[in-house]
Structures are given as structure tokens and as C-alpha cells.
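With the sequence up front, the predicted model follows.
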Amino acid sequence: MWTFIARRLLYLIPLLIGVSLLTFLLMSLTPGDYFSELEQNPQISPATLAQLRAKAHLDKPWYVRYGYWLANAARLDFGYSIANKRPASELIFERLWNTCLLSMAAIVLAWGVAIPLGIWAAVKKDGWADRSCSLIAFVGLSIPEVLLALLALMFAASTGWFPIGGTQSSDYFLMTQGQVLIDRLHHLILPTAVLAASELAGIMRQMRSNLLDTLRAEFVTTARAKGLREGSVIYRHALRNAINPLLTMFGYSLASLLSGAFIVENVMAWPGLGRLTMESLTKKDPEIVVASVVMATALLVVGNLIADLLLAWSDPRIRVK
Amino acid sequence: MSPTPDSNTNFSSAPLLEVCGLQLDFLKDGQALRAVDDVSFELKAGESICLVGESGCGKSVTALSVARLVPSPPARYVGGQIRVNGKNVFEMSPKELQQIRGGVVSYIFQEPGASLNPVFRVGDQILESLKLHRPASATREEVVQLLKLVGIPAPEARIHDYPHQLSGGMQQRIMIAMALASHPRLLIADEPTTALDVTIQAQIIELLKDLRQRIGMSLLLITHNFGIVGDLADRVVVMYAGQIVELAASATLLARPLHPYTRALMNSVPKLGGESDRLTAIPGNVPNLGSFPKGCRFHPRCPKARAECSESVPELREVEPGHWVRCPFWMS
């Protein structure tokens, strides 16, 4: 199994090189750079600009710059953000933590609610519980995340129950440690709910249909024929099998949460990786953009790896020898 | 009209299983389609019965109904009774049903690979049966003992295997061990060899025969293969389109089949060492649920059909002691 993990992580290296190369190329194909804005400023001479560009290696062709970047990245140095005047790694890890926090909270919420609801809907198929779950799922899947985020902001603004944007209040340095924790959680609630909403609906529908399929399987008849209680038939025999496809979905779920986080972070002013990427794109700060794309890719691959390992743990048929 | 074994079959004990006038519908698109129509037979302790017929004749549904294993809906029991040990299964509480399932009636199915739970070790699946019905014997040793009984080599190692690590024949042996674990009085085997290859089929049939003699349990075997009837069955019930068309002691039936459908079925079994006749197939197909022909349900495929056959459904009549036939022209 360790060789399997090692191999998967090794595959990650060419993938990351490809992704970073593509991002670098695309960035360099767009007109202008970080200093283009300064060209309009009469106080800055073209000579100064050329000097600044030379310092940031912006005078060199993109493939040379990519070579520099790759050489540094191999030593885990992701360069220097010219827009933020800080090392890119420092900035990204700070933001990565926020994105992970938001995504993890959304995962816990979405899966924690969707799995029991999906099971409930399947067991009470065609009953009122099933129908109301279907309705919720329909609404959850139909509303775009942007709209939901805006509605959440409107809700926060009109009721004043939740803060609007940010990860903590501006006076957090005056709080005790416990208060800081509560303040952070308070900030986390709305973005998490918005991010979890559409994910939740999908998982719930999947859980329901998987369990319904499994309940028709022949081994379920065998379990009943043994004389097991209906509870054991459903929760022990059927559910253990119905959960397997969902573990695969877990990997994809991580991916869609990351892209969902991109939208939620931008609309709800959550200082995460998605928002940083967006800001850096408009400012033409290539180091940050490439590094955050690379981070997001790595996160996705690791997420899929975790999903595969979970599946192997749960389903003996796909275990690697 | 309840066909029962007569004096020339020597079973003195009370019936273990009585199926009386069973009628079952499947609900589809708001329509009730009759899948089992007035099926009656009984099975005494220690006796062995074969249910024979093509696919879609209602054999499996009848057999699954014994322990109420047909999900309803879509199934709906319209009439009749099934009594196990004298008690009607349709009036049993869920708790009583759980005791009957495994405790009195055990099942093995057509596809052992699909009937075993893929995510549990086979030893644990057998142990589960033991825990339910014989908790005092729910030990690893007993599981190993059961695997030995059904002829699995190296049982100590096999109990740690998952179903997918075993061959089809071994999987079916595991199913049999699991079914026997609870010491049932009746084993219902629903086409237990259909999904296996021919040599393995013979082994499984041999095993069932051997176990029946050693344990002395009753057997309800569902098959569409007349080749194994003589080996295993005391009596044979032939079903067609949800109805019993012929019922007799197996020796009688094999020697002198009276219903045209039974004869046609028997002619479609290849005989080893026999004259090299062409294998005769029955023309046409079993009619679909809900589109049974008027009159005798077999008449469109029957080589001896007459004009009267399409008018009314013939009755199942006892034409000789213990030999019931649903065809008024059985003598011809």
C-alpha cells in the first residue's frame, strides 16, 4: 500500500509541472504586467519602470521566467509577491489555512447532514420525509452559489446576526482566547452554510439512490432470509455497501468545494486562497497566481488519494495486493 | 382441491410446509399482474420436492413467499395461505418471521457471488447466522466445522476470505454452510446450480443429496432442469405461467409425464448415452405477466392443442392416485 501512495505522490510532480507551465503561459499571453498601471503616472520615468521590470525579471521572455520559478519552486521557494511585497509562500500558506478551514467545515456540515438525510429518505421511500428531502435537494441544486452567497449577505446585513465578511472582528486583539475562538466560529458559519448547501443536496441524492439500489441487491435478500432484524439488514448489510460509491464522490467533492470556495470567498470577503488568486490575477502578480494554482492542484490530488485510500479500506474487492 | 401426497408416499408426520391456494399479484403501473395463481402443495418433514418450470413461471416467487421474502410492494398477496409448522406466515409478527427465517426455513440462491455480502469475510457471515439462531455454538470452531461439512478444503484459512476471493462453486458451498448453520428443517434452493459450470453443478447436487441424507432435512428445490429431479426429489411440481400444471411422485412423473408441457420440458433435456435425437425445444416463449392467453395458458405452444383449449382454463385434477394434471386430454 505504501508503494501505491508513493507512486501516486510521484505522479503529482509531472502534473504540477504541467499545471504551473500552463498557468505561466496563460498569464504571459495576456497583455500588460504589474507595472503597466505605472506607465500612466507622469512622475515615473520609463527608465525607472524598465529598472523595476528588470528587477522583477519581467523583461525576460516567459519561458526564462518559468525556468527561474521552477528552480526556486524545487527548493519550495515560490518567489516574491511584487504586489504584496511579501514572500509568496508566506502569503499563500496563510490564505491556504483559511480556505482549508472553510472547506473542511463545509465538508463536515455537508456530509454530516446529507448522509443521515439520504438514508432516511431511502428508508422512508415515497413518504413525506423522502418528498421533503427531494424538495430541499432540488432547491439546493438549483440555486447558484453566487446567488446564495448574496442572499446570505443580505440576511446577515438585515438581521445583524452574523458578521459580513472576514474571518474575525477588527477588535480581536482585545479578546481573550475563548472569545477569539467564538468570534472566528461566528464568522465561519455563513460562508460554511453557503458552501455546503449545494454539495449537501448532491450527496443526499446520491446516498438515497445508492442505498435504494443496494436494498434491491441479492445479498440483502440473503441477509433477510437469515432472520436478521430489518435494522441490521439496512444499517449493517446494505449501508456498508451503499457507502462505497460515496467515498469516490468524496474526492470530487473536495474539488467542487475548492472551486465553490473560490466563489464564496470572493462574494463573502473570506480571505482564502480563491480570493487571493482572484486579486492577484487582476493585479497581474504571477508568483501568487501560479503558486496558488499549484497548491489547489496538490490539494485536489491529495484529496482524491485520501478518497481512494478510504475506498480501499472500506471495500475489500479493490484493495491492492 | 389441495393436492397432497397419498398413502403410497410414506410420510406420517404433519406437514412442515403447506401452501394453500396462494395468489400473488405484482403491481405495475397501477395494474395488478397475477404472478402466482392458486398454487397449492405441501411438504412433509424430511420430504423433498422439486419445483420445475421455465423462467418466469412463478417458481421463485412461490419459494420466496414461504418466508415472506418477496418485497411488497410491488408484490401483493391476494389470497391463500402459507403455513410453516402449521402457522400462517401472513399472520406472523416481524419477530416471528425472523425466527422462521433461518430457524425453520433457510435459502440458497442462484448467484452465490451476488448473494454473499461482498464487504464481509465469509466466516463472519456464517457466524452471523449462528449468533441469530444458535448463539451457544457461535464460535470459530463451529464455522470451521460447517465449512468441513460442505466440503471446503482448508476451512481455517477460508473463513478469513472475502466472497470475491472464492470460486463460484466455493461461494455456493459457503451459502449452503450459512444456510445450514441455523439447523433449519427446510432448505429452499432456488436454482442453486444454474450459475455454475457443469462439473461444479454435479458436485453441488451431490453435496445437497448427501447433506439431505445426513441431516434429514426437507428440501424444496427449484430448477428448470429435469436432469437433477430424479436424483433429489420425492415429488415434483411442474409450474407454467403461475399455475401448477402437473404434480406427482418423481418416479411416476419421470416414467409417465401426462401434461404436454411436462413432456415438452423433458424432451428438451439432452440425454447422455441416448439415441442421437435432435434436441427438441418448446416453440415460443413463456407468456409475460398480464398477457396470459385465454383458456389453457399453454395451448398456444402445445403440440396437442384443440379448439376447446382456448375456451376455459382446465382444472387441476387427480387422474391417478397422487398424480395431478391440468389437462383434460392427458390420456391422448
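Everything's here; your move.

what residues does chain A put near chain B?
For chain A, the contact set with chain B under Cβ under 8 Å from any Cβ of the partner chain comprises A:217-219, A:221-230, A:237, A:240-241, A:244, A:314-317. Quick note: C-beta positions are derived from backbone N, CA and C, even for glycine.

Need the buried ones from those selected in ChimeraX.
When burial is assessed using 16 or more other Cβ atoms under 10 Å in any protein chain shown, the buried subset of those is captured in ChimeraX by this command:
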select /A:217,218,219,221,222,223,224,225,226,227,228,237,240,241,244,314,315,316
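
State the three-state secondary structure for the closest residue to chain B within the stretch 151-300 of chain A.
The stretch 151-300 of chain A approaches chain B most closely through A:Gly227 (3.7 Å), counting by Cβ to the nearest Cβ. Three-state call for A:Gly227 (DSSP: H, G, I helix; E, B strand; the rest coil): coil.

ok, now B:Ala32?
Classified using three-state DSSP, B:Ala32 is strand.

State the helix or strand in which the closest residue to it other than its chain neighbours lies.
Residue nearest to B:Ala32 in three dimensions, not counting chain neighbours: B:Asp25, with 4.0 Å by Cβ to Cβ, 6 or more residues apart in numbering or on different chains. Assigned by DSSP states H and E, B:Asp25 belongs to strand B:15-28.

Is the residue of the stretch 151-300 of chain A closest to chain B in contact with B:Val104, as I believe?
No. Taking Cβ atoms under 8 Å as the contact criterion, A:Gly227 and B:Val104 are not neighbours in contact, 9.5 Å apart.

The residue nearest to B:Ala32 - how many residues pack around it?
Residue crowding around B:Asp25 was assessed by other Cβ atoms under 10 Å in any protein chain shown; the count is 21.

residues from the stretch 1-150 of chain B in reach of chain A?
B:64, B:67, B:69, B:94, B:98-103, B:106-107, B:109, B:111, B:114-120, B:128-129, B:132-133.

per-residue confidence for B:Gln110?
According to the predicted model, the pLDDT of B:Gln110 comes to 88.

just to revisit the earlier point, residues of the strand holding B:Asp25 that come out buried?
Taking 16+ other Cβ under 10 Å as the neighbour-count basis, strand B:15-28 is seen to contain the buried residues B:Pro15, B:Leu16, B:Leu17, B:Glu18, B:Val19, B:Cys20, B:Leu22, B:Gln23, B:Leu24, B:Asp25, B:Phe26.

is it fair to say B:Leu247 lies in a strand?
Yes. Counting by three-state DSSP, B:Leu247 is located in a strand.

Who does it form a beta bridge with?
B:Leu247 has the following beta-bridge partners by DSSP bridges: B:Val237, B:Trp324.

ok, back up a step: mind pulling up the pLDDT for the residue nearest to B:Ala32?
Residue-level confidence at B:Asp25 comes out at 89, pLDDT.

Check the one 5 residues further on too.
Each residue has a pLDDT score; the one for B:Gly30 is 81.

what's the neighbour count on it?
By the other Cβ under 10 Å criterion, the neighbourhood of B:Gly30 contains 5 residues.

which residues touch it?
For B:Gly30, no contacting residues are found, by Cβ atoms under 8 Å, 6 or more residues apart in numbering or on different chains.

Please determine how far it is located from A:Lys125.
18 Å (Cβ to Cβ, to the nearest Å).

which stretch of helix or strand covers the most centrally placed residue in chain A?
When Cα atoms, centre = their mean is applied to chain A, the residue found nearest the centroid is A:Leu258 (1.9 Å). Assignment of secondary structure by DSSP H and E places A:Leu258 within helix A:244-267.

helix/strand/coil for the closest residue to chain B within the stretch 1-150 of chain A?
Here the residue of the stretch 1-150 of chain A nearest chain B is A:Asp126; by Cβ to the nearest Cβ that distance is 9.6 Å. A:Asp126 carries the three-state label coil when classified by three-state DSSP.

Equivalent analysis for B:Cys50, please.
Classification of B:Cys50 by three-state DSSP places it in strand.
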